[in-house]
Every structure is written in structure tokens, then in C-alpha cells.
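Undergrad: Below are the sequence and a predicted model for it; my questions follow.
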Amino acid sequence: MNVPEKYREYDELLKSKLDEYRYIHSLGVAKSARHLAELYGSDPEKAYFAGLMHDVMKNAAPEEQLQMIKKADIILSSSERLNRKLWHAIAGAAFLKLELNITDPDIIGAVRWHTTGKANMTTLEKVIYLADYIEPNRDFDGVEDLRRVVWEDLDRGLAMGLAMTVEEMKERGNPVHHNTLEALEYLRGHNHE
């Protein structure tokens with residue numbers, strides 16, 4: 001999987017920051033995000049870039065992630081403080097802003113919300129959340145069903161992905177992030193078909 005020339009420096013950065021599994025996953029997310037964006041009328045270039053960079057802080061030590069969050073003057077909620085798995089998305093958005101001078105709020109938001117989702121997501125935020133879930137290297141129970149729905153209907157796919165996240169959290173005995181629940185509520189409230 002080749003990264004287009006214009007993303008070469010970001011590709012090098014990712015190779016230096018991520019393990020091989022996470023790097024290959026990021027390339028898969030970038031590709032899936034571009035296709036979803038083309039299908040659902042979001043900017044394919046932004047989608048590719050946000051997909052490529054969404055996990056930029058994933059392999060950083062927790063202290064490093066917290067430092068980046070602090071540097072961006074972000075105050076974590078108590079549930080975020082307790083759940084380390086959420087830090088890399090928040091730190092990743094901060095890293096793009098502070099270290100790479102990426103100012104596009106759409107890209108920053110897509111990276112920021114790719115783990116929990118939130119109410120009233122932009123199309124790009126939905127695309128990255130779902131591309132992260134369904135990229136070709138993902139293999140889990142139900143992924144084929146999710147893929148099928150996502151390619152048919154973005155919002156139905158999003159509702160399904162969010163519901164799977166809630167289920168997984170409950171099974172693991174982890175608290176479900178309020179943003180994930182709010183994202184589901186929002187979708188259900190705005191789905192009038």
C-alpha cells in the first residue's frame with residue numbers, strides 16, 4: 001500500500017511513531033476513509049489525511065499522551081482520565097494542531113472523536129469513526145455485517161458501530177463514554193425514516 005507522494009513526510013512520521021500493526025491499520029483506515037468520503041460527499045483528501053493520522057499518538061507512552069493533552073490546555077473529564085484508551089485520540093488531535101500546525105477543524109474533530117463519537121457528528125467525523133472500524137485489516141465478530149451496512153447507509157452504519165462499542169464496553173466491564181451514548185441518542189432522535 002503506497003502512500004501518495006504529498007503525504008510522504010507524514011508517512012515517515014507515522015513509521016517512526018507507530019508499531020507495524022498500527023501503521024498498516026492507519027493505511028487501511030486512510031484508504032477506507034477516502035472511499036467512504038467519495039461515496040457520502042465528504043472531502044476525500046481530508047478523509048485520507050485524517051484516516052492516515054488518526055492514531056498518530058496511539059503507541060506513545062501514556063505520560064507522553066497526557067503531556068500533549070496538557071500542552072493543548074485540554075482538561076480531561078473524570079471518565080476520560082480513568083480511561084486511557086481515549087487519550088490517544090485527544091492527544092492525536094492536539095499533536096496535529098500543535099506539532100504539525102493543522103488548523104482545519106474538520107480534520108482535528110475527526111481525529112478527536114474517532115474513538116467515542118459524539119452527538120451531531122460531521123460527515124468527515126462519521127467517516128473516520130467508521131473507517132477505523134471497517135478497514136480491510138479489521139477482523140472481529142460482526143465486521144462483515146457492519147461493513148455491508150456502512151456501504152449502504154452511513155448513519156445506519158454509525159448507529160450500528162456505536163451500539164457495538166457500547167456492547168463491547170459493557171462486556172469488558174468498562175464505563176461507556178457519555179459522548180458515545182449521546183451520539184446514539186442523537187442518531188435515534190434524528191432518524192425519521
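TA: In hand now; what should we look at? Numbers count the residues shown, from 1 in each chain.
Undergrad: Let's verify the most centrally placed residue in the chain: helix, strand, or coil?
TA: When the chain is reduced to its mean C-alpha position, the nearest residue by Cα atoms, centre = their mean turns out to be His114, at 2.4 Å. Three-state assignment for His114 (DSSP: H, G, I helix; E, B strand; the rest coil): coil.
Undergrad: Just to check, Ile107 is in contact with Lys46?
TA: Yes - applying Cβ atoms under 8 Å, one finds Ile107 in contact with Lys46, separated by 5.6 Å. All C-beta atoms are positioned from the backbone trio N, CA, C, and that covers glycine.
Undergrad: Beyond the helix or strand of the chain with the lowest mean pLDDT, next helix or strand please.
TA: Least confident helix or strand, the chain: helix 78-82 with a mean of 88, by mean pLDDT, DSSP states H and E. The element immediately downstream of helix 78-82 (helix or strand, assigned by DSSP states H and E) is helix 87-98.
Undergrad: And the contacts of that following helix?
TA: 53-58, 60, 62, 64-66, 68-69, 71-72, 74, 76, 80, 102-103, 107-109, 111-116 (Cβ atoms under 8 Å, 6 or more residues apart in numbering).
Undergrad: Need the CA coordinates for that helix. CSV is fine.
TA: Output in CSV follows, covering the C-alpha atoms of helix 87-98 (Å, rounded to 0.1, in the frame of the first residue of the first chain):
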residue,chain,number,x,y,z
TRP,A,87,-6.2,9.5,25.5
HIS,A,88,-4.6,8.8,22.1
ALA,A,89,-7.5,10.4,20.2
ILE,A,90,-7.4,13.6,22.3
ALA,A,91,-3.6,13.7,22.2
GLY,A,92,-3.6,13.0,18.5
ALA,A,93,-5.8,16.0,17.7
ALA,A,94,-3.6,18.1,19.9
PHE,A,95,-0.5,16.8,18.2
LEU,A,96,-1.9,17.7,14.7
LYS,A,97,-2.6,21.2,15.9
LEU,A,98,0.5,21.9,18.0
